[in-house]
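Participant: predicted coordinates and the sequence they were generated for:
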Amino acid sequence: MKSPWRFVALLLGAFVFLFPFYYMLIGSLQAEPDSSVGGAFPRPGNLTLHNYQAINAAINLGKSLLNSGIFTGGVILGTLVFGVLAGYALARLQFRGRGTVFNLMLLVQVIPFQLLTIPLYVLIVRSYGLADSYLGMILPFLINSTAVFVFRQYFLQLPQELFDAARIDGAGELAILWRVAVPLVRPALLTGVLLTFIGPWNEFLWPFLITKQQGLQPLAVSLTNFITTVSARAANPFGAVLAGACVLAAPAVGLFIVFQRRFISSSLESGVKG
Amino acid sequence: MRPRDRATGGGVTRVVGRVIGKQPIGTAFVTPYVVFLAAVFAYPLGFAVYMSFHDYFFAAPGAIVDRPWVGFANYATVLSDPAVRRSFANVGIFLLINVPLTVVLSLLLAWSLNAAIRWRGFFRVSYYVPYVTASVAVVGVWLFLFNSDGLVNSVLGPLAPDPSWLVNSKLAMPTVAIYVTWKQLGFFILLYLAALQNVSKDLYEAASMDGAGRWKSFRNVTVPGVRPATTLVVLLATVTGANLFTEPYLLTGGGGPDGASASPVLIMYQRGIEQGNPDVGSAIGVLLVIGVLILALVQRRLLDRES
């Protein structure tokens, strides 16, 4: 069923999907904003890294990236430590309440996070006083339920004999998890990390709500503040915005391209589970 | 005797084991996760409902203040607020554009990609890239593209709308809807690609024996074959639409022009946090969730009846 039309249509589609990224890169390198059709093609005389310096001067890219990294890293660490424990228990251990916990995990996926925004804001910012702190930023995302589900699926696939043998040898459950199960599902752990990465790295609303101090804001938040307030006064505001956008997009897109197979399979699992 | 019984000994442990499970240490393993679910989902969920029925306001930490029960007063405030009603109508416009467009485009693209075609890997990557990228980053480019003197308008020339896309009260919400369709499409394409693996090859062969062309077999075999996936795509696209915040906040400068692109979550943020009425904000959230649940049930009924 080969058809040139289908190929041309897909090619056209790919153009629509990729062009904004290309334009983002070109726009971030142009000294003068050029929104005419010719502006989509780079001209050597008009290319500069000045926009990156401008955005760095306005929002301190290094500090924002570090904040994004701490936020994302905290979420990944929490998900790996507590999520692996929970996923392993749900897959391989018989204990009272296992079914309840499993159902809770599925239920959580359909609760829209936005409904929780206001009560979480009141609790975390007002009652616990965690505004402008990394802990307050990380707390609502600490354990990613989709990743717990993925871990459980992978632990389920391991043969029961392995676990029986280890138990006969007298190994404790923690030792079995650490020495037997985890080494066998290393690829799943990588999938879990990738899956967890895009969430907090791209998250905007929550860190935006709880960080007022510029020195603590992740890049998505400081870039937004730049777009909504400062940019009107900058010399080449769009250039600076696009330079910031490139810096924010690069880690996620880079990871995606390197690990695309894992990204794609993990999203499928998270999608089909619903 | 099974190994576990021999390891732990006599009959008493067996009885205990039946009550608490064979490996009670599992409880310890899931405890952090359960505490997390209780603290971040269950409790705030109940708290949101509680706030929506009380006069709740921000007070100094530790201060004892009276928070009287007000019944449906917060809901009355919300429902009589024209901005809130507008935002719910806006999300209706959004869903009317976004959901059908998402279903049709992602199914067609997945169907095309499923065939033996050159550069398949390249196409998959290019459709998926917007999905993994932060909305804040790509919104920057869209602002540049759909600006009044942006590239899209310079290509369109005299056909460019006036006022331009994002500042036009008729076009602002549709532009946001198209932006979100573009951004999320890759995810839904993958979902359909997975569903297409489950459509039986025999059915296609039978269809071609009956003389069905490519288009006919798409309509009579592919579309019914992926119906469960379609139900899921419609549900997920609806939930995404109900959660809309970043896009109207950034693309249209906080929901402009004149509230034409404000989403319920945006109004919830303004009323609840900016203006300090978390009780009213919670009521908007509760109404939004009820709306999504009703919509999901209706969609499910409609999609099931067709099959």
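Facilitator: Great, that's in hand.

Participant: can you give me the helices for the stretch 151-300 of chain B?
Facilitator: Counting by DSSP state H, counting those that start in this stretch, the stretch 151-300 of chain B has helices at residues B:151-156, B:172-196, B:201-209, B:214-217, B:223-225, B:227-242, B:246-251, B:264-269, B:278-306.

Participant: I'd like the ones you listed as a markdown table, with mean pLDDT and mean neighbour count appended.
Facilitator: From N, CA and C alone the C-beta is placed, and that goes for glycine too. Converted to a markdown table, these look like this (pLDDT from 0 to 100; neighbours: other C-beta atoms under 10 Å in any protein chain shown):
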| stretch | mean pLDDT | mean neighbour count |
| --- | --- | --- |
| helix B:151-156 | 87 | 16 |
| helix B:172-196 | 93 | 23 |
| helix B:201-209 | 85 | 13 |
| helix B:214-217 | 84 | 14 |
| helix B:223-225 | 89 | 15 |
| helix B:227-242 | 89 | 20 |
| helix B:246-251 | 90 | 24 |
| helix B:264-269 | 94 | 25 |
| helix B:278-306 | 88 | 18 |
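
Participant: which of these sits closest to B:Phe58?
Facilitator: helix B:278-306 (7.0 Å; C-beta to C-beta).

Participant: what's the average pLDDT for the helix or strand containing A:Tyr52?
Facilitator: Using DSSP states H and E, A:Tyr52 maps to helix A:50-59. Taken as a whole, helix A:50-59 carries a mean pLDDT of 90.

Participant: following element in sequence after it, please.
Facilitator: According to DSSP H and E, the helix or strand after helix A:50-59 is helix A:61-78.

Participant: helices or strands up against the next helix or strand after that following helix?
Facilitator: Sequence-wise, the next helix or strand beyond helix A:61-78 is helix A:84-92, with elements assigned using DSSP H and E. On a contact count with 3 or more C-beta pairs under 8 Å, 6 or more residues apart in numbering or on different chains; DSSP states H and E, helix A:84-92 meets helix A:98-108, helix A:145-156, helix B:25-37.

Participant: so how far is helix A:84-92 from its chain's centroid?
Facilitator: 23 Å (C-alpha atoms, centre = their mean, to the nearest Å).

Participant: ditto for stretch B:97-112
Facilitator: Relative to the chain's own centre, stretch B:97-112 is displaced by 16 Å; criterion: C-alpha atoms, centre = their mean.

Participant: hmm, that stretch in reach of chain A?
Facilitator: Yes: on the criterion C-beta under 8 Å from any C-beta of the partner chain, stretch B:97-112 is in touch with chain A at B:109, B:112.

Participant: now could you export just the CA positions of that stretch as CSV?
Facilitator: Extracted C-alpha coordinates of stretch B:97-112, given in CSV (Å, rounded to 0.1, in the frame of the first residue of the first chain):
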residue,chain,number,x,y,z
ILE,B,97,-12.5,22.4,18.2
ASN,B,98,-9.8,20.5,20.0
VAL,B,99,-11.5,17.1,20.6
PRO,B,100,-12.8,16.3,17.0
LEU,B,101,-9.6,17.7,15.5
THR,B,102,-7.4,15.6,17.8
VAL,B,103,-9.4,12.4,17.1
VAL,B,104,-9.4,12.9,13.3
LEU,B,105,-5.9,14.0,12.9
SER,B,106,-4.2,11.6,15.3
LEU,B,107,-6.1,8.6,13.8
LEU,B,108,-5.3,9.6,10.2
LEU,B,109,-1.7,10.2,11.0
ALA,B,110,-1.3,7.0,13.0
TRP,B,111,-3.0,5.1,10.2
SER,B,112,-0.6,6.6,7.6
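
Participant: ok, and what's touching that stretch?
Facilitator: A:6, A:9-10, A:13, B:127, B:173-174, B:177-178, B:180-181, B:184-185, B:188-193, B:195-196, B:218, B:222-223, B:226, B:230, B:233-234, B:237-238, B:240-241 (C-beta atoms under 8 Å, 6 or more residues apart in numbering or on different chains).

Participant: buried ones in it?
Facilitator: Under the neighbour-count criterion of 16 or more other C-beta atoms under 10 Å in any protein chain shown, stretch B:97-112 has B:97-99, B:101-103, B:105-112 buried.

Participant: domain ranges for chain B?
Facilitator: For chain B, automatic domain parsing gives the domain ranges B:3-52, B:78-306.

Participant: which SS state does the residue lying closest to B:Lys183 once chain neighbours are set aside fall under?
Facilitator: Nearest non-adjacent residue to B:Lys183, counting by C-beta to C-beta, 6 or more residues apart in numbering or on different chains: B:Pro130, 4.7 Å away. What DSSP: H, G, I helix; E, B strand; the rest coil gives for B:Pro130 is helix.

Participant: now stretch B:131-150: average pLDDT?
Facilitator: Here stretch B:131-150 scores 89 as its mean pLDDT.

Participant: so what's the residue count around A:Met24?
Facilitator: By other C-beta atoms under 10 Å in any protein chain shown, the residues close to A:Met24 number 24.

Participant: give me the element it is part of.
Facilitator: Assigned by DSSP H and E, A:Met24 falls within helix A:4-29.

Participant: what do you get for A:Leu255?
Facilitator: helix A:237-258.

Participant: so that helix, near chain B or not?
Facilitator: Yes: using C-beta under 8 Å from any C-beta, helix A:237-258 reaches chain B at A:238, A:241-242, A:244-246, A:248-249, A:252-253, A:256-257.

Participant: same check on stretch A:42-60?
Facilitator: No: applying C-beta under 8 Å from any C-beta, one finds stretch A:42-60 separated from chain B by no less than 10.6 Å.

Participant: residues of that stretch that come out buried?
Facilitator: Buried positions in stretch A:42-60, judged by neighbour count with 16+ other C-beta under 10 Å: A:50-52, A:54-56, A:58-60.
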